[in-house]
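**Student:** Here is my input, please return the structure:
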Amino acid sequence: MKNIEKYKIWIVALVLLVLGSCSKDDEQFTTSPEPAWSVQSPELLPSSFTAIVAIPDNLNVYADDNDKVAAFINGECRGVGTLIKEEDSGKRVYFLTIRASDTESGEITFRYFNTRLSYLYQAEETVDFESDGTYGSYDTPIILDLQIVS
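**Tutor:** Numbering: from 1, shown residues only. Below you'll find the model as predicted:
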C-alpha cells in the first residue's frame with residue numbers, strides 16, 4: 001500500500017513537472033492588413049526585369065492562393081507576382097515582371113504577404129535591376145529568404 005502511495009506521488013510530481021515546462025510561444029508577431037500592391041503608371045516604366053521566385057517550404061505549409069509577392073525599387077512597388085501552381089506536386093512559383101525607367105538601375109527587394117497568417121515578410125536578398133534581365137527560372141526558382149516584418 002505504501003508503494004502505491006509512493007507511485008501516486010511520483011506520477012503527480014511528474015505530471016506537474018511536464019505541465020509546468022510547457023509554455024506558450026513567447027514570440028509575438030504583428031499582423032498586417034492585406035496590401036493593395038500595384039505598379040503605378042507602368043507605361044512610364046518601359047524597362048523590365050523578370051523574376052521567378054518561390055517561398056520557403058516552412059512557409060508553404062501556410063500558403064494560400066491569395067498570398068501575394070511583390071517587387072520594390074526604392075520602396076515603390078514595381079511588380080506584383082502571378083502565382084503558378086501545380087496541383088499534382090503542390091509546387092508554387094511566382095512570376096514577376098518588374099518595371100523601371102530606362103535610366104534606372106536600383107536594387108530590387110521582395111515582399112511576401114501570407115493571407116492565412118496576415119504576416120508580411122521581406123526577403124533578405126536584393127538583386128540589381130537590369131533591363132531585360134532574368135532572376136530564377138520555373139525549374140529552379142529563387143527561394144526567397146524571408147524575414148517577418150514587425
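**Student:** what residues are up against residue 78?
**Tutor:** Going by C-beta atoms under 8 Å, 6 or more residues apart in numbering, residue 78 touches 39, 45, 71, 72, 98, 99, 100, 108. All C-beta atoms are positioned from the backbone trio N, CA, C, and that covers glycine.
**Student:** What confidence value was assigned to it?
**Tutor:** Predicted confidence (pLDDT) for residue 78: 96.
**Student:** name the element it belongs to?
**Tutor:** Assigned by DSSP states H and E, residue 78 belongs to strand 76-80.
**Student:** Partner strands of that strand, with direction?
**Tutor:** When pairing is defined by DSSP bridges, strand 76-80 lines up against strand 68-73 (antiparallel).
**Student:** Need the CA coordinates for the strand it pairs with. PDB is fine.
**Tutor:** In PDB, the C-alpha atoms belonging to strand 68-73 read as follows (Å, rounded to 0.1, in the frame of the first residue of the first chain):
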ATOM      1  CA  LYS A  68       1.000  38.000 -52.700                       C
ATOM      2  CA  VAL A  69       4.600  38.500 -53.700                       C
ATOM      3  CA  ALA A  70       5.700  41.900 -54.900                       C
ATOM      4  CA  ALA A  71       9.000  43.600 -56.000                       C
ATOM      5  CA  PHE A  72      10.100  47.100 -54.900                       C
ATOM      6  CA  ILE A  73      12.700  49.500 -56.000                       C
END
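**Student:** And it, how far out from the chain middle?
**Tutor:** Relative to its parent chain, strand 68-73 has a centroid offset of 11 Å by C-alpha atoms, centre = their mean, to the nearest Å.
**Student:** Any idea what the closest residue to residue 134 other than its chain neighbours is bridged to?
**Tutor:** Excluding the flanking residues, the one nearest residue 134 by C-beta to C-beta, 6 or more residues apart in numbering is residue 50, at 4.8 Å. Beta-bridge partners for residue 50, by DSSP bridges, are residue 97, residue 134.
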